[in-house]
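>>> Here is my input, please return the structure:
(4 chains)
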There are 2 protein chains.
Amino acid sequence: MSDESLLDRIRELVLSGAYAPGDPLSEIFLAQQFAVSRTPVRESLKQLERESLIEIKPKVGTFVREPTKREIVELFQLKEGLEGLAAGLMARRGRTAHLEFLEQNVRASEAAAIARDSGRYAQLVHEFHWGLVNGSDNSKLIEHYRLLMNQLAFHRLVLKTVENPKRIAVSSGEHRQVLQMIQDKDHFGAEAAMRNHVYASARELLGGSREAPEG
Amino acid sequence: MSDESLLDRIRELVLSGAYAPGDPLSEIFLAQQFAVSRTPVRESLKQLERESLIEIKPKVGTFVREPTKREIVELFQLKEGLEGLAAGLMARRGRTAHLEFLEQNVRASEAAAIARDSGRYAQLVHEFHWGLVNGSDNSKLIEHYRLLMNQLAFHRLVLKTVENPKRIAVSSGEHRQVLQMIQDKDHFGAEAAMRNHVYASARELLGGSREAPEG
DNA sequence: TTACAGTCTCTAGTATGCAACAGACTTTTG
DNA sequence: CAAAAGTCTGTTGCATACTAGAGACTGTAA
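Numbering: from 1, shown residues only, chains lettered A, B, ... in the order given. You can find the predicted model right below:
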């Protein structure tokens, strides 16, 4: 088994939610599970620790991490910054293919919003945000965003937003607004609209705390 | 030797510029150098590969990475976004201690600019940018910024800007401007001023290419 | 009963040996 | 001379044995 593949498999295992925060992740157990020795498992765990998904306590064990409320707020602040940046970049240099993808995505989510299909809407929201970041055409931004989103996805802090039916209609409108700005090549407006959208979503999710990211 | 310490030591070795892009970094050699076995060295190298500082070619060897021009542009785009975000956050919630640090730093760099002491000015610029990011009080932002700056520092793409004497005076004024906005709690203005500053610096460094980050 | 000391077990941390492969070099053959 | 086959060396990839420490458990003494 290639090492990258093993890392991905263990990461997926952790992200899947099969383990609750605090659960131990024994090297020996994982090695048996994936039919390899401890060495490659260990390398993967070290990487996942750097991604803040797990915590390795020396000589004690490896455990699924428990995020603090503060960390979650910080992650959303960063999310707002990165997605805003992506929207601006896409407005400036976005490729036609990426634009068309977003256009189709927004149309589909508007339909899902009307149909009250929150499951499908959640999936489309996910694809909208990723499509926007990919559309920035900046591999470094994409990589940093991936690390960020792994932490949020891991703690199941994404997609919860759209469980509120009232929010769906508003959110859908915000997506449309961002798309419009990008199509108009208004990079300043696109960034502002995207940040506003991320801020609003985070505020909804975090309960409108004053600590939510700026708008 | 603790593993984290070994990682830091090898990272410093790479960042120090002792190796040119393309130079090999043998596991065995490093193990002898630091008087440990290949295993912990190998873990550290894997991590440095994830930080984009080196490249591990399976069954061939490990080499210091050569960045593409495109990657450098992407890194500066991200730098602009992250530092802008930090400026905005600091304007909103910056602690007094951080503000005083920046105030002192700007005064010192204004003095260094007048004295034409470009060595000292370069150091102060470095501290200004880091002080600002630390002042954001967002550990996730700080961590992502650290990864970003390691890549830039590694390729010696920081501090070059201030080699141009004409730029120093302008740059110093931009620092003062950012500080003023933060002191005025104008988070929108602070972010814009900081992004403008980063953009201008990057443009100077990258030769005013159209591909430079947006302002 | 409680506190403490000793032990025991489980964990990660490290060293090392072998396997597998890439790439350079050498030899052979047309 | 050229090209191809073969060999040889150096590298990482992985498995495994051993080390060492943390923490739980137990027995004993006050």
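
>>> residues in chain A within reach of DNA strand C, list them.
Residues of chain A lying close to DNA strand C by CB under 7 Å from any atom of the strand are A:24-28, A:38-39, A:42, A:56-62. All C-beta atoms are positioned from the backbone trio N, CA, C, and that covers glycine.

>>> if we go to 10 Å?
A:24-31, A:37-39, A:41-43, A:45-46, A:49, A:54, A:56-63 (CB under 10 Å from any atom of the strand).

>>> Would you confirm that A:Ala63 belongs to a strand?
I think there's a mix-up here, since residue A:63 is Phe and not Ala. Yes - using DSSP: H, G, I helix; E, B strand; the rest coil, the assignment for A:Phe63 is a strand.

>>> Isn't it up against A:Val14?
No - contact between A:Phe63 and A:Val14 fails when scored by CB atoms under 8 Å: they sit 10.8 Å apart.

>>> Compare those two and say which is more crowded by neighbours.
Using other CB atoms under 10 Å in any protein chain shown, the more surrounded residue of A:Phe63 and A:Val14 is A:Val14, with 20 against 16.

>>> Around the residue lying closest to A:Asn164 once chain neighbours are set aside, how many other residues sit close by?
On the basis of CB to CB, 6 or more residues apart in numbering or on different chains, the spatially nearest residue to A:Asn164 that is not a chain neighbour turns out to be A:Glu204, at 6.6 Å. A:Glu204 is flanked by 19 other residues according to other CB under 10 Å.

>>> same question, A:Ile168
Neighbour count of A:Ile168, defined by other CB under 10 Å: 22.

>>> In contact with it, which residues?
Going by CB atoms under 8 Å, 6 or more residues apart in numbering or on different chains, A:Ile168 touches A:113, A:116, A:118, A:121, A:162.

>>> Is it within a helix or a strand, and which one?
Here A:Ile168, judged by DSSP states H and E, is contained in helix A:165-183.

>>> Only the buried residues of that helix, if you could.
Across helix A:165-183, burial judged by 16 or more other CB atoms under 10 Å in any protein chain shown covers A:167-168, A:171-172, A:174-179, A:181-182.

>>> What score does the most far-flung residue of chain A relative to its centre have for pLDDT?
Most distant residue from the mean C-alpha position of chain A: A:Lys59, 32.3 Å away (CA atoms, centre = their mean). A:Lys59 carries a pLDDT value of 95.

>>> circling back to that earlier point, narrow the residues of chain A next to DNA strand C to those that are buried.
Buried subset of the residues of chain A next to DNA strand C (neighbour count, 16+ other CB under 10 Å): A:25, A:27, A:30-31, A:41-43, A:45-46, A:54, A:56, A:62-63.

>>> Show me which pair in those residues is furthest apart.
Largest separation among these by CB to CB: A:Glu43 and A:Phe63, giving 17.9 Å.

>>> show me what contacts whichever residue of chain A sits closest to DNA strand D?
Ranked by CB to the nearest atom of the strand, the top residue of chain A for proximity to DNA strand D is A:Ser37, at 3.0 Å. Counting by CB under 8 Å, 6+ apart, A:Ser37 touches A:Ala31.

>>> rewinding a little: now, which of the residues of chain A next to DNA strand C lie within strands?
Secondary structure defined by DSSP state E assigns A:54, A:56-57, A:61-63 of these to strands.

>>> of those residues, closest to B:Ala86?
Nearest to B:Ala86 among these is A:Ile54, at 27.5 Å by CB to CB.

>>> Tell me the spacing between the closest one and B:Leu6.
For A:Ile54, the distance to B:Leu6 equals 20 Å [CB to CB, to the nearest Å].

>>> now swap in A:Gly119 and tell me
Note on A:Gly119: its distance to B:Leu6, by CB to CB, is 47 Å.

>>> of these two, who's got more company?
B:Leu6 (18 against 10).

>>> Select the helix or strand of chain A having the lowest average pLDDT value.
Each helix and strand of chain A was given a mean pLDDT (mean pLDDT, DSSP states H and E); the minimum falls on helix A:3-15 at a mean of 90.

>>> got a list of what A:Leu148 touches?
Contact analysis of A:Leu148 by CB under 8 Å, 6+ apart lists A:75, A:78-79, A:82, B:140, B:144.

>>> before we move on, which element is the residue nearest the centre of chain A in?
Central residue of chain A (CA atoms, centre = their mean): A:Met149, 2.9 Å from the mean position. Using DSSP H and E, A:Met149 sits within helix A:139-154.

>>> now that helix and helix B:139-154, what's the angle there?
150 degrees (axes from the mean of the first three to the mean of the last three CA atoms, to 10 degrees).

>>> could I have helix A:139-154 exported to PDB, CA atoms only?
Extracted in PDB, the C-alpha atoms of helix A:139-154 (Å, rounded to 0.1, in the frame of the first residue of the first chain):
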ATOM      1  CA  SER A 139      -3.100  25.900  -5.500                       C
ATOM      2  CA  LYS A 140      -1.700  27.200  -2.200                       C
ATOM      3  CA  LEU A 141      -5.000  28.700  -1.300                       C
ATOM      4  CA  ILE A 142      -6.700  25.500  -2.100                       C
ATOM      5  CA  GLU A 143      -4.300  23.500   0.000                       C
ATOM      6  CA  HIS A 144      -4.700  25.700   3.000                       C
ATOM      7  CA  TYR A 145      -8.500  25.600   2.600                       C
ATOM      8  CA  ARG A 146      -8.400  21.900   2.500                       C
ATOM      9  CA  LEU A 147      -6.600  21.700   5.800                       C
ATOM     10  CA  LEU A 148      -9.100  24.200   7.300                       C
ATOM     11  CA  MET A 149     -12.100  22.300   6.000                       C
ATOM     12  CA  ASN A 150     -10.900  19.000   7.200                       C
ATOM     13  CA  GLN A 151     -10.900  20.400  10.700                       C
ATOM     14  CA  LEU A 152     -14.400  21.700  10.300                       C
ATOM     15  CA  ALA A 153     -15.800  18.600   8.500                       C
ATOM     16  CA  PHE A 154     -14.200  16.400  11.100                       C
END
